[in-house]
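K.L.:
Pasting the sequence and the predicted coordinates here, then a few questions.
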Amino acid sequence: MNTILVTGSSGQIGSELVAALRARYGAHNVIATDIRSSASITSGGPFETLDVNDLQSFHAIARKYKADTIIHLAALLSAMAEANPLFAWNLNMGGLLNALEVAKELNCQFFTPSSIGVFGPESPKDLTPQVTVQRPVTMYGINKVAGELLCDYYHRKYGVDTRSLRFPGLISYLTPPGGGTTDYAVSMFFEAVRTGEYSSYINKGTYMDMMYMPDAIGSIIQLMEADSAKLINRNAYNVSAMSFDPEMLAAEIRKLLPAFKLTYEIDPVREQIAQSWPNSLDISAAQQEWGFKPRYSLEQMAYDMMIQIASRTI
Ligand code: AKB
């Protein structure tokens, strides 16, 4: 990776990934793009406004900077996609197809995130295998399965070096997520520190996989730097660092905030999406093929989140 173009740079993953890439590869070698700008992205290195559905502009920007790597993050998350399925199809699939076309034309290495959303009610629920039934029942999941297949197609047919990770819920104290099903976990921390209580839209006993953002950023860089010849399941690897339900997360928060109160007001749409996803993933393919090893457990992540949010609130 010498010159890296990132789409969706102002989003939850993008804003932290761009900073990490700029620190590692040099600020001027990372071109942040987004349909909207944010101060942290525009100030630290090159920034271009880009609508990923505009193929001509996508090409022009990639050519202008002689990009050799594309990290395509621009997408609508699960809950938002359920509310706007047609818009989600057009953005998630149209944007990905354009990104792959540019990667093909300019011979770029390519990364795009997949998700635990690729699984559905017919997939095994516990320790969901790397290769198994993928019949999602959400628009987001359908987009992500089609995306995995498209990435494999561009690799096989055109030799594009495509790589991807099936991300679980990502937890960060810096940039809030938007429009996802797993967002409750992030909100619980912020509300705990702000008000001492949180009303969860995900039910007690509903387990989902999660990962702390530093591990997510580290795993993207590690996968992109891995030996291509070893990547059998390149589109896309199961990755995860923990699995919990709202009660387990609340118990961790109470270690630092004993009076924290958790109540429930279930959102049927997001609860149904969560019910259709795995309880936990089998991550052995990522461990074996490129050495995936997350650093943060639930306990370590929760402690760090509480300290970081509290120190920023004072
Ligand atoms: C979402 O909840 O939509 C995302 C995801 C798991 O892909 N965080």
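P.N.:
Received it, and whenever you're ready, just let me know what you need.

K.L.:
So which bits of the stretch 51-200 of the chain are right by the ligand?
P.N.:
In this structure, the stretch 51-200 of the chain approaches the ligand at residues Leu77, Ser78, Ser115, Ile116, Gly117, Tyr140, Phe167, Pro168, Gly169, Gly180, Thr181, Thr182, judged by C-beta under 6 Å from any ligand atom. Backbone N, C-alpha and C define where each C-beta goes, glycine included.

K.L.:
can you give me the helices in the stretch 201-314 of the chain?
P.N.:
213-225, 246-256, 268-276, 284-290, 298-313 (DSSP state H, counting those that start in this stretch).

K.L.:
what would these look like in a markdown table with distance to Glu48?
P.N.:
Formatted as a markdown table, the helices of the stretch 201-314 of the chain follow (distance: least, C-beta to C-beta, whole Å):
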| stretch | distance to Glu48 |
| --- | --- |
| helix 213-225 | 21 |
| helix 246-256 | 38 |
| helix 268-276 | 33 |
| helix 284-290 | 30 |
| helix 298-313 | 30 |
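
K.L.:
if we compare those, which one ends up closest to the ligand?
P.N.:
The ligand sits nearest to helix 268-276 of all those, at 7.6 Å, using C-beta to the nearest ligand atom.

K.L.:
Pull out the buried positions in that closest one.
P.N.:
Residues Arg270, Glu271, Ile273, Ala274, Ser276 are the ones in helix 268-276 that count as buried (16 or more other C-beta atoms under 10 Å).

K.L.:
Tell me the one among these nearest to Arg295.
P.N.:
Nearest to Arg295 among the buried residues of helix 268-276 is Ala274, at 25.6 Å by C-beta to C-beta.

K.L.:
what sits up against the helix or strand of the chain with the lowest mean pLDDT?
P.N.:
Between all helices and strands in the chain, the lowest mean by mean pLDDT, DSSP states H and E belongs to helix 39-43, at a mean of 75. Here helix 39-43 makes contact (C-beta atoms under 8 Å, 6 or more residues apart in numbering) with Ser9, Ser10, Gly14, Ser15, Val18, Ala19, Ala32, Asp34, Phe47.

K.L.:
Tell me how many other residues surround the second one.
P.N.:
Going back to what we said before, that points to Ser10. 22 (other C-beta atoms under 10 Å).

K.L.:
I'd say it and Ser38 touch.
P.N.:
Yes: assessed by C-beta atoms under 8 Å, Ser10 is found in contact with Ser38 at 4.2 Å.

K.L.:
so where's the longest helix in this structure?
P.N.:
For the chain, the longest helix by residue count, based on DSSP state H, is helix 85-106.

K.L.:
Tell me the first helix or strand C-terminal of it.
P.N.:
strand 109-111 (DSSP states H and E).

K.L.:
Show the average pLDDT along that following strand.
P.N.:
On average, the pLDDT along strand 109-111 is 98.

K.L.:
Parallel or antiparallel, list what pairs with that strand.
P.N.:
strand 69-72 (parallel), strand 161-163 (parallel) (DSSP bridges).

K.L.:
Please identify the deepest-packed of the ones you listed.
P.N.:
Ranked by average neighbour count under the criterion mean count of other C-beta atoms under 10 Å, the strands paired with strand 109-111 are headed by strand 69-72 at a mean of 26.

K.L.:
Low-confidence bits of the stretch 151-300 of the chain, can you list those?
P.N.:
Along the stretch 151-300 of the chain, no part satisfies pLDDT under 70.

K.L.:
what about 80?
P.N.:
Counting by pLDDT under 80, the stretch 151-300 of the chain shows low-confidence ranges at 177.

K.L.:
Just the closest residue of it to the ligand, please.
P.N.:
For the stretch 151-300 of the chain, C-beta to the nearest ligand atom, closest residue to the ligand: Gly180, 2.8 Å.
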